[in-house]
Structure formats: structure tokens, C-alpha cells
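J.: sequence and predicted structure below; questions after.
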Amino acid sequence: MLIPELPAYLSTLGGEEYIGLIISLFTLTAGISRPFSGKLTDRWGRIPVMVVGASVSGIAALFYPVLTSVSGFLLLRLFHGFSTGFKPTGTSAYIADLVPANKRGEALGISSFFGSIGMASGPAIGSWIYLDYGIESLFYVSSFFAFASVGILFGMKETLSDRSKFHVSMLKIGASDVFEKRVFTPSIVMILTTLAFGTVVTLAPDFSDYLEIKNRGLFFIVFTCSSLLVRIIGGQLSDRFGRQPVLTASTLILFISMLVIGFATTKMQFFTGAFLFGIGYGLNSPTLFAWTIDLSPEKIRGKGVATLFIFLEIGIGVGALLSGTAYQGSNERFPLIFGIAGLFSLFAFIYIINIRLKQHKTQKR
């Protein structure tokens with residue numbers, strides 16, 4: 001709900017040059033919190049970790065109308081990042097607990113399908129609330145939805161059987177808690193492809209203004225709706241044919257979509273790029289999570305998922321920071337910025353192809 005309106009809001013506070021930090025600061029604390037959320041998910045429980053994440057989101061939204069300086073806004077973005085550092089880690093582990101291994105792709109596809117409904121409707125609803133009722137109303141409604149999700153979580157049954165009561169020692173993080181080496185390969189694909197996502201969420205609102213699209217959330221509606229078309233079927237395909245064949249297609253589509261968006265000069269071209277981006281991202285995300293869970297032993301499932309999320313946050317944060325810094329209000333830079341971001345998806349495509357070729361040679365021997 002907030003993302004489409006935050007760049008303009010920050011500009012009204014006098015912080016236009018910090019637009020790239022809107023996403024990168026958020027993802028910085030999200031990434032830092034991943035080792036903690038992974039460890040807590042495996043020891044404290046899936047649901048408590050999800051409650052913490054959702055609660056942070058609700059609290060942060062309440063304070064945006066209070067801290068109205070640029071520094072206050074940026075501080076809140078740092079705090080707000082803890083929400084996504086905790087909630088998705090617990091969610092992914094919870095889902096993996098519920099379903100058999102041969103249904104993981106489909107289950108994560110279903111979960112991301114419903115997440116995408118929120119991602120599609122949120123920006124449009126947010127822009128509508130902002131246009132008709134103002135930015136403060138937008139923050140308060142966002143907070144309400146976050147706390148409503150907490151209420152749902154309290155009605156769910158914990159799936160972690162061997163739980164421990166929370167103790168402050170759980171927050172002690174060693175080197176072994178930060179990174180699960182068994183999920184390194186999908187993590188590399190994740191960081192390369194989320195560089196594009198960081199660029200999109202940072203610059204799509206300004207690109208919409210450039211093309212005279214009044215509702216900045218329309219781009220997000222198009223790409224999220226197209227991702228809905230493929231998330232469930234994409235998960236089923238990865239269960240049936242393997243994770244890597246699906247990722248081969250998704251990374252190539254992401255590369256093409258970034259070129260279409262970057263060189264768009266009409267609304268139709270812009271939304272076509274958004275549609276393709278949604279297809280690519282809708283195939284990519286649930287497949288990478290299913291692959292990661294495949295590679296993660298059950299007792300450290302939270303840690304494996306957290307590792308993937310760390311790479312996701314780094315990719316989004318770096319993509320947002322670099323694109324926002326390079327943009328600086330210069331619309332003529334859109335083709336170059338989106339083109340470079342697309343190249344990283346092309347690198348991911350080449351990386352997957354190389355892995356498949358190596359596996360093919362090994363099987364021949």
C-alpha cells in the first residue's frame with residue numbers, strides 16, 4: 001500500500017535525493033535480521049516469528065505521520081525492515097512443515113498467489129486512499145491491515161514440534177547461524193534477479209509520472225496480476241519437471257521485461273513490460289523457495305530459508321540504492337538503468353544453463 005506513494009512523500013519532506021534509500025534501508029535491516037529470524041524460527045517457533053514481523057509493520061505505519069523529518073522517515077524505514085526480516089521466514093518454514101516434498105512447489109505457489117493478491121491490490125488501494133483522503137489516512141489503514149494479520153496468526157496452530165521457550169541467548173548469533181552453504185546456488189540466482197526487482201519498486205512510480213499515469217499503483221497491479229497467472233502452475237511445473245528448467249525460463253523472461261520497461265515510451269509498452277516482469281517473477285520466486293527447502297534439512301529449515309532471504313534483501317537493496325542514486329530525477333536515464341538491471345537477470349540465466357550443462361555431463365559419465 002505504501003510503496004507507490006513513499007517517493008513523492010519523501011520529496012515533500014525535502015529528501016528527494018534519498019529516494020533510493022526508501023527500499024535499500026528497509027532491506028538492510030531485513031537482511032540483518034534474517035539470521036535472527038532463521039534461528040528463532042527453528043527454536044522458538046514459526047508463529048511467534050510471524051507475529052513479531054507483522055507487529056513491526058503495524059507499529060511502523062503508525063509512526064510515519066509522527067516522524068515528519070527526513071531523518072525520522074529514514075529511521076522508520078530502517079525499523080520497518082524488521083517486519084519483512086521476520087514474517088516471510090516464519091511463513092515459508094510453516095508452509096514447508098505442512099506439505100509433502102513432492103508438493104512444495106505447488107504449496108509455495110499457492111501461498112505466493114495469495115501474497116500477490118495483496119501485492120496487486122495494495123498499491124492501487126494505497127494510491128486511491130492517498131488521492132482521496134491523504135497520506136496520513138494511508139498510513140493508518142496500512143497499520144490496521146498489519147495488526148489484522150496478527151489476529152489471524154493467533155488463531156493458527158504451531159507446526160514446530162521441538163520448541164523452546166524464548167530466551168535472550170537465542171539472539172546470540174554465530175557465523176554458522178548466518179549462512180547455510182547448502183542453499184548457495186539458489187541464493188546466487190535470487191540475488192541476481194532481485195536486483196531487477198529493487199530497480200522496479202524504486203523507479204516505477206517516477207516512470208509512471210513520466211508517462212503521465214496518474215495512479216502510480218497501476219504498474220504494480222499489472223505485474224502482480226500477471227504473476228498470479230503463473231505462480232500456482234509454475235510451482236506445479238517445478239514439482240514435475242524440476243526447479244532448474246523453470247528457472248531457465250523465468251530468468252530469461254525477467255531480462256526481456258527489463259528491456260521492455262526501460263525503453264518504454266508509451267503507456268502500452270510500459271504495461272507490457274510490467275506484464276512480462278510479473279510472469280518472470282511469478283515463476284522465479286516460488287521455484288527458488290521450493291529449491292531452497294529441498295536442499296535444507298528439516299531441523300535447520302528456517303536457517304536455509306533465512307539464507308535465501310538474506311540474498312533477496314541484498315539484491316533488492318543494492319538494486320534500489322544503485323537505481324535511485326543513478327536516477328536523480330533524470331528521466332532520460334531510464335533505458336540505461338533498467339538495461340543494466342536486466343543484465344543481472346541474464347547472468348542468472350547463464351548461471352542456470354551452466355549448472356544444467358554440468359549436471360548433464362555428469363549424468364553421461
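T.: Nice, thanks for sending it over. Residues are numbered from 1 along each chain as shown.
J.: count the neighbours of residue 155 for me.
T.: 7 (other C-beta atoms under 10 Å). Placement of C-beta: from N, CA and C, glycine included.
J.: now the end-to-end length of stretch 61-74.
T.: End-to-end distance of stretch 61-74 (C-alpha to C-alpha, to the nearest Å): 13 Å.
J.: what comes up buried for it?
T.: By neighbour count on 16 or more other C-beta atoms under 10 Å, the buried set for stretch 61-74 is 61, 62, 63, 64, 67, 70, 73, 74.
J.: check stretch 298-309 too.
T.: Buried residues in stretch 298-309 (16+ other C-beta under 10 Å): 300, 301, 302, 303, 304, 305, 306, 307, 308, 309.
J.: residues in contact with the second one?
T.: Going back to what we said before, that points to residue 301. Shown in contact with residue 301 (C-beta atoms under 8 Å, 6 or more residues apart in numbering): 41, 42, 93, 96, 97, 293.
J.: what pLDDT does the model give the spatially most central residue of the chain?
T.: The geometric centre of the chain, computed from its C-alpha atoms, lies nearest to residue 312 (C-alpha atoms, centre = their mean), at 6.9 Å. Looking at residue 312, its pLDDT stands at 88.
J.: same question for residue 365.
T.: Note for residue 365: predicted pLDDT of 67.
J.: tell me the two of the buried residues of stretch 61-74 that are most distant?
T.: 62 and 70 (19.1 Å; C-beta to C-beta).
J.: how far does the helix or strand of the chain with the lowest mean pLDDT sit from its chain's centre?
T.: In the chain, the helix or strand scored least confidently by mean pLDDT, DSSP states H and E is helix 175-178, which has a mean of 78. Relative to the centre of its chain, helix 175-178 is centred 22 Å away, using C-alpha atoms, centre = their mean, to the nearest Å.
J.: report all helices and strands that that helix contacts.
T.: helix 21-43, helix 301-327 (3 or more C-beta pairs under 8 Å, 6 or more residues apart in numbering; DSSP states H and E).
J.: show me where the stretch 1-150 of the chain has helices.
T.: Shown for the stretch 1-150 of the chain, the helices assigned by DSSP state H, counting those that start in this stretch span residues 6-12, 21-43, 46-63, 70-98, 104-133, 135-153.
J.: figure out which of those is closest to residue 332.
T.: Ranking the helices of the stretch 1-150 of the chain by distance to residue 332, with C-beta to C-beta as the measure, places helix 6-12 first at 18.2 Å.
J.: contacting residues around the closest one?
T.: Contacts for helix 6-12 (C-beta under 8 Å, 6+ apart): 16, 18, 19, 22, 70, 73, 135, 202, 205, 206, 216.
J.: and for stretch 223-236?
T.: 104-110, 112-113, 116-117, 119-120, 200, 246, 250, 274-279, 281-283, 285-287, 290.
J.: just the buried ones from the residues you listed?
T.: Among those, those classed as buried by 16+ other C-beta under 10 Å are 104-110, 112-113, 116, 119-120, 200, 246, 250, 274-279, 281-283, 285-287, 290.
J.: residue ranges in the chain under the pLDDT threshold?
T.: 365 (pLDDT under 70).
J.: mind doing that once more with 80?
T.: For the chain, the stretches flagged by pLDDT under 80 are 20, 116, 119-120, 175-176, 178, 215, 217, 232, 298, 362-365.
J.: residues contacting residue 267?
T.: So, once contact is read as C-beta under 8 Å, 6+ apart, residue 267 ends up touching 211, 213.
J.: and what of residue 37?
T.: Contacts of residue 37 (C-beta under 8 Å, 6+ apart): 49, 52, 53, 85, 86, 89, 90, 302, 306.
J.: a markdown table for those, including distance to residue 168?
T.: Shown next, in a markdown table, are the contacts of residue 37 (distance: C-beta to C-beta, whole Å):
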| residue | distance to residue 168 |
| --- | --- |
| 49 | 16 |
| 52 | 14 |
| 53 | 19 |
| 85 | 18 |
| 86 | 17 |
| 89 | 19 |
| 90 | 19 |
| 302 | 18 |
| 306 | 19 |
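J.: return the closest of these with respect to residue 339.
T.: Of the contacts of residue 37, the one sitting nearest to residue 339 (C-beta to C-beta) turns out to be residue 85, at 30.6 Å.
J.: could you verify my assumption that that closest one touches residue 31?
T.: Yes: between residue 85 and residue 31 there is a contact at 7.1 Å, judged by C-beta atoms under 8 Å.
J.: ok, the two, which is more surrounded?
T.: Per other C-beta under 10 Å, whichever of residue 85 and residue 31 has more neighbours is residue 85, with 30 against 22.
J.: next, count neighbours for the nearest residue to the more buried one once chain neighbours are set aside.
T.: Nearest non-adjacent residue to residue 85, counting by C-beta to C-beta, 6 or more residues apart in numbering: residue 33, 3.1 Å away. Residue 33 has 25 neighbouring residues, counting by other C-beta under 10 Å.
J.: report the contact partners of residue 33.
T.: For residue 33, the contacting residues are 81, 82, 85, 86, by C-beta under 8 Å, 6+ apart.
J.: what of residue 146?
T.: Residue 146 neighbours (C-beta under 8 Å, 6+ apart): 54, 55, 57, 58, 61, 83.
J.: tell me how many other residues crowd the spatially closest residue to it that is not a sequence neighbour.
T.: Leaving out its chain neighbours, the residue that sits closest to residue 146 by C-beta to C-beta, 6+ apart is residue 58, at 3.5 Å. Neighbourhood size, residue 58 [other C-beta under 10 Å]: 18.
J.: for residue 58, give its distance to residue 139.
T.: Per C-beta to C-beta, to the nearest Å, residue 58 is found 11 Å from residue 139.
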